[in-house]
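**Student:** okay, predicted coordinates and the sequence, questions at the end:
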Amino acid sequence: MALHLSAFLLFTLSFAGRYAYGNSNLNRVCYYASYNPPPNKLNATLCTHIIAGFSSVKDGVIDVGGNGKMYTETTALKKQYPHLKILMTVGGGGNDQGFSSAVSSPGSRLKLIASAFSTLGKYGFDGLDIDWEFPVWNDNQPDDKDNFIHFLKEFKIFSDFFGLKFLKKQPLLTVAVAAPKTFIDKAYNITEMAKYVDFINLMTYDFHDYFWYTPFTGHNSPLFNRSVEQAYFSTLNTAWSSYYWNMMGMPKSKIMVGIPTYGHTYKLLDPSINYVDAPATAMGIYGGDITFTEVCKFLASGARRVFDSESEVPYAFKGFDWISYEDQASILRKAKWIKSQGFGGAMTYDLNSDDFSLICDNASFPLHRIIYDVFTN
């Protein structure tokens with residue numbers, strides 16, 4: 001209770017002064033998760049870092065699967081964009097992804113680290129991003145929490161001694177981390193993590209989605225909570241999670257606040273009941289996830305857009321279909337808030353879900369352009 005109250009007080013104080021100061025040196029970290037569009041169609045000016053994926057851990061070593069061609073073409077972007085840092089991400093959503101056993105002992109950790117350095121060097125990457133979703137949480141192995149820290153520490157030690165020799169540079173080390181409090185408390189030793197990572201990519205999205213146990217609509221990535229949300233539900237938003245990570249020991253300069261370019265879809269129980277928290281019976285169109293290009297097509301078909309002035313994100317509906325998404329207005333607010341609060345920058349997931357086909361706007365990647373304009377202006 002005391003911890004929850006402390007977090008609430010921190011949130012209140014930060015909210016009150018949320019536009020009081022800023023950060024003029026902000027990172028724009030962009031995940032790139034498939035070959036659509038191909039790397040040569042990306043506007044890498046919009047990003048300071050691109051994180052390409054996904055590789056996996058198989059038998060204790062990095063397995064790039066069929067991504068070799070994409071990796072080679074992606075790191076080649078540095079010739080055209082010399083400012084750009086490109087990292088490889090390992091892992092992904094849903095389960096342990098082989099991390100638990102790979103970090104369980106000094107020998108297995110060294111094996112994984114050596115594999116990582118070899119892979120980074122082979123494809124010309126500038127660093128490694130770990131997307132383990134999530135230590136302890138999915139496999140109920142309590143040792144994951146400490147073993148993950150051991151891995152991060154040993155990776156950095158290896159970097160200090162061998163990075164310049166093998167890679168001609170010290171590779172960046174970043175971690176994609178959970179946003180809900182229950183995940184955070186169980187999975188991470190934040191004060192120790194902060195010693196070893198260059199930054200974290202805070203996944204401040206997927207706060208609400210359709211499941212049989214949550215059969216109602218909700219915002220994918222609200223900036224703030226709504227006044228009707230109480231107790232735990234009031235923590236399921238971007239601002240609260242960002243403040244909590246900072247309060248628990250992660251410097252603001254190392255927190256890249258997540259912004260999704262995709263949305264979630266729902267099938268309404270009753271088309272006339274179409275507000276936030278409306279009853280839903282299933283995932284909606286496009287199988288539950290929707291790109292910004294698909295959002296624009298949905299709006300063009302006659303859907304009604306509503307902007308939630310409390311959470312500062314939009315939603316739209318038409319008939320039985322209901323979607324939560326981001327647009328230029330919501331991302332403008334998030335980018336300004338990130339800058340004003342002194343966080344290290346923004347992380348977007350992902351480039352692929354932004355509109356690169358000129359369906360929504362007369363310029364490609366319109367959502368990423370908003371972040372670029374706010375951060376560099």
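**Tutor:** Yep, that arrived.
**Student:** part of a helix, is Leu128?
**Tutor:** No - for Leu128, which was evaluated using DSSP: H, G, I helix; E, B strand; the rest coil, the result is strand, with no helix membership.
**Student:** what's near enough to touch the residue lying closest to it once chain neighbours are set aside?
**Tutor:** Across the structure, with Cβ to Cβ, 6 or more residues apart in numbering as the measure, the residue nearest Leu128 apart from its sequence neighbours is Ala116 (5.3 Å). Backbone N, C-alpha and C define where each C-beta goes, glycine included. If a contact means Cβ atoms under 8 Å, 6 or more residues apart in numbering, then Ala116 has 62, 90, 128, 155 as its contacts.
**Student:** may I see the buried residues of the helix or strand where Ala116 lies?
**Tutor:** Element membership of Ala116, judged by DSSP states H and E, is helix 106-123. Residues of helix 106-123 classed as buried under the neighbour-count rule (16 or more other Cβ atoms under 10 Å) are 108-109, 112-113, 115-117, 119-120, 123.
**Student:** and for stretch 137-145?
**Tutor:** Neighbour-count burial for stretch 137-145, counted by 16+ other Cβ under 10 Å, picks out 137-138, 144-145.
**Student:** just give me the closest of the residues you listed to Thr214.
**Tutor:** Thr214 lies nearest to Trp137 out of those, by Cβ to Cβ, at 17.7 Å.
**Student:** so that closest one is in contact with Ile184, correct?
**Tutor:** No - Trp137 lies out of contact with Ile184 (Cβ atoms under 8 Å); the separation is 9.9 Å.
**Student:** need the overlap of contacts for those two.
**Tutor:** Residues touching both Trp137 and Ile184 (Cβ under 8 Å, 6+ apart) are Ala178.
**Student:** OK, contacts around Ile323?
**Tutor:** Neighbours of Ile323 in contact, by Cβ under 8 Å, 6+ apart: 263-266, 284-285, 290, 295, 298, 303, 315-317.
**Student:** which residue of the chain sits farthest from its center?
**Tutor:** With distances taken as Cα atoms, centre = their mean, the residue sitting farthest from the centre of the chain turns out to be Ser272, at 33.5 Å.
**Student:** confidence score at it?
**Tutor:** Each residue has a pLDDT score; the one for Ser272 is 98.
**Student:** and for Thr261?
**Tutor:** 98.
**Student:** dump the residue contacts of it.
**Tutor:** Taking Cβ under 8 Å, 6+ apart as the definition of contact, the neighbours of Thr261 are 291-292, 326, 348-351, 353-354, 367-368.
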